[in-house]
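1. Turn this into a structure:
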Amino acid sequence: MSAADMLQSPGGPPPDSRPDKRAADPPATMKQAPGRRPRKAGALLPYLLIAPAFVAIAAVFLWPLVKTVIMSFQDVGRRELWTGEAAPWVGFDQFTEILGDGEFWAVVVRTIVFMAACVVTTMVIGLGLAMVMQRMSTWARLMLTAALIAAWSMPLLVATSIFRWFADSDYGVLNMVLSKYLGLDFQGHNWFLDSTQGFTIIGAVVVWGAVPFVTITLYAALTQVPQELEEAASLDGAGTVGVFRYVTWPVIKPVFQMVATLSVIWDFNVFGQVFLIRGNKPEPEYALLGLYSFEKAFESNSFSQGAAISLITVLLLSGVAVYYLRQLLKIGEVE
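-> As a prediction, the model looks like this:
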């Protein structure tokens, strides 16, 4: 039988039916060793880019925190601090002495009350201004935003100097307004003889610096509220309070909680406002936790006690920090 007959016979295989072994086998460059996953090109690049940031954070925050923890379990005096000599280990003696001191707990209560008053005032004023900005014309809103940013960017030393002059007993604007225009007897009144009145002035400095951030952040949240829902609620008979409660508040609530949490952390650690407004020598009745730790460390030369107080402050705020991180994660899941 000839080759042509074999190709034309029914039992013979067609010429195109034979598999091409070269086409079936992958190239040698595409073969991978068993048990290994392909490594994406540039997989380490993101980690290399953020490595400097991690190094900076560790140098600025992590290492001082480690040193604070070590010092709180030692008895570090001025000699050990300046000469670098090894300080003796005392275990939990510093914490036992601090937690058994009634003055420490009085300072803690004073700090919490001051923080709560500042946070509530800041959030109320900030939310009110944000809602007012939503109803302003464009040029008026831009002017108010510029004023808020100017107040926010004002250095703390300048702000405290202005408020010290504002509440001055002899030349203060506050006494002049209360005496001349409201008919009250506040001529020569010293606002800092009473710590309650003094903390009112100090709290005004804190609120002054915090309101711009809260206002701008909450205004940005208010812009995300759908106007169609507000109009529909108004048409259904809901008043201003009802529209805010059932439409506006659920939208801005996560942002409000985050800003309030940050305000708690910031106002709990107030130091410079009290220190500067009292002329760098605050009286004992004006001591907050930050000042109390500073006085123990640098005025009483009890550096380990100052470190222990700072560590206790960190532990008190750790619950607030965890709550803040949870809110961030929730917002990330929603987005």
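2. just how off-centre is the strand or helix carrying T200 within its chain?
-> Element membership of T200 [criterion: DSSP states H and E] is helix 195-222. Per Cα atoms, centre = their mean, to the nearest Å, the displacement of helix 195-222 from the mean C-alpha position of its chain is 15 Å.
3. buried set for that helix?
-> Neighbour counts over helix 195-222 (16 or more other Cβ atoms under 10 Å) mark 198-199, 201-219, 221-222 as buried. All C-beta atoms are positioned from the backbone trio N, CA, C, and that covers glycine.
4. Ok, stretch 234-243 next?
-> For stretch 234-243, the neighbour count (16+ other Cβ under 10 Å) marks 238, 243 as buried.
5. what's the spacing between that stretch and its chain's center?
-> Here the centre of stretch 234-243 is set off from its chain's centre by 34 Å, with Cα atoms, centre = their mean.
6. Quote the end-to-end distance of it.
-> End-to-end span of stretch 234-243 (Cα to Cα, to the nearest Å): 7 Å.
7. same check, this time on stretch 167-179
-> Start-to-end, stretch 167-179 (Cα to Cα) is 13 Å.
8. circling back: average pLDDT across the next helix or strand after the helix holding T200?
-> Of the helices and strands lying after helix 195-222 in sequence (DSSP H and E), the nearest is helix 227-235. Helix 227-235 comes out with an average pLDDT of 84.
9. got it, and stretch 133-144?
-> Regarding stretch 133-144, the rounded mean pLDDT is 91.
10. What residues of it count as buried?
-> Residues of stretch 133-144 classed as buried by neighbour count (16+ other Cβ under 10 Å): 133, 144.
11. what comes into contact with stretch 214-223?
-> 122-123, 125-127, 129-131, 133-134, 145, 148-149, 248, 251-252, 255-256, 259, 263 (Cβ atoms under 8 Å, 6 or more residues apart in numbering).
12. at 10 Å what do you get?
-> Stretch 214-223 is contacted from outside by 119, 122-134, 141, 144-145, 148-149, 152, 207, 248, 251-256, 258-260, 262-263, using Cβ atoms under 10 Å, 6 or more residues apart in numbering.
13. just stretch 250-261 next, same as before
-> 119-120, 122-123, 126-127, 130, 210, 213-215, 217-226, 229, 244, 249, 320-321, 323-328, 330-331, 334.
14. Apply 6 Å and report the result again.
-> 123, 214, 217, 221, 225, 323-324, 327, 331 (Cβ atoms under 6 Å, 6 or more residues apart in numbering).
15. just stretch 197-204 next, same as before
-> With Cβ under 6 Å, 6+ apart, stretch 197-204 has contacts from 114, 118, 167, 191-192, 273-274, 277.
16. Of the residues you listed, just say which sits nearest to L291.
-> Lowest distance from L291 to the contacts of stretch 197-204 (Cβ to Cβ) belongs to V274, with 5.9 Å.
17. any idea how far W249 is from that closest one?
-> 34 Å (Cβ to Cβ, to the nearest Å).
18. Tell me which of these two has more neighbours.
-> Counting neighbours by other Cβ atoms under 10 Å for V274 and for W249 shows that V274 has the greater number, 22 against 12.
19. Just to be sure, which of the contacts of stretch 214-223 are found in helices?
-> Among the contacts of stretch 214-223, DSSP state H puts 119, 122-134, 141, 144-145, 148-149, 152, 207, 251-256, 258-260, 262-263 in helices.
20. Is it possible to mark the buried ones in those residues?
-> Using 16+ other Cβ under 10 Å, the buried ones in these are 119, 122-123, 125-127, 129-130, 133, 144-145, 148, 207, 252, 255-256, 258-260, 262-263.
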